[in-house]
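**Student:** Here you go, sequence then predicted model.
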Amino acid sequence: MSIKLNWDGMGILTSLACAIHCAFLPLIVPSLPLFGVNIIHNNAFEWAMIALAVLVGIYSLYHGYIRHHHQKFPMVLFSVGIIFLVLKQLLVTYQIHLLLNNRYEEYLLLLTAVSFIIFSHYRNYRLSKQTKCHSAHHAH
């Protein structure tokens, strides 16, 4: 029996995990560094999460584009989200302030990035399902 993964679901889950990690973990678990665990502002971990989001997103969106709907809109949304996510990480890494205090900028960029990424996976999923249903309907 084979297991079929919903890659758009994985992309949404990865994006939500990133948002939860960045936004809520510092509030909920401020004592982790006392125990030698430092994933709150660990650059390697942050970049690894971004890389995971990119890999899952590329696979999912490419699969949907090639096999189902042939629409670029989900890929455009995803690219915009990744740009915001990388920008957020660069600002945090190099401690650059654009307009506001760094923490607010970080959360604003994160919220924007995750919103675009999640919406791109949602659109890809809906377009893929629509195309499958449409193709199945005309096949009969």
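**Tutor:** Received, thanks. From a predicted model like this one, the values you see are computed outputs, not experimental measurements.
**Student:** For the residue nearest in space to the middle of the chain, give me its contacts.
**Tutor:** With distances taken as C-alpha atoms, centre = their mean, the chain has residue 15 as the residue nearest its mean C-alpha position (3.4 Å). Applying C-beta atoms under 8 Å, 6 or more residues apart in numbering, one finds that residue 15 lies in contact with 53, 81, 114, 117, 118, 121. For every residue, glycine as well, the C-beta is placed using N, CA and C.
**Student:** make it 10 Å
**Tutor:** 49, 53, 56-57, 78, 81, 85, 110, 113-121 (C-beta atoms under 10 Å, 6 or more residues apart in numbering).
**Student:** On the three-state scheme, it is what?
**Tutor:** Of the three states, residue 15 takes helix according to DSSP: H, G, I helix; E, B strand; the rest coil.
**Student:** before we move on, what about residue 71?
**Tutor:** Going by three-state DSSP: residue 71 is coil.
**Student:** for the top helix by length along the chain, packing partners?
**Tutor:** When the chain is parsed with DSSP state H, its longest helix is helix 102-139. Packing contacts for helix 102-139, counted by 3 or more C-beta pairs under 10 Å, 6 or more residues apart in numbering; DSSP states H and E, involve helix 7-23, helix 43-64, helix 73-93.
**Student:** do you know how far the closest residue to residue 69 other than its chain neighbours is from residue 120?
**Tutor:** Nearest non-adjacent residue to residue 69, counting by C-beta to C-beta, 6 or more residues apart in numbering: residue 127, 3.9 Å away. Here the criterion is C-beta to C-beta, to the nearest Å. By it, residue 127 lies 11 Å from residue 120.
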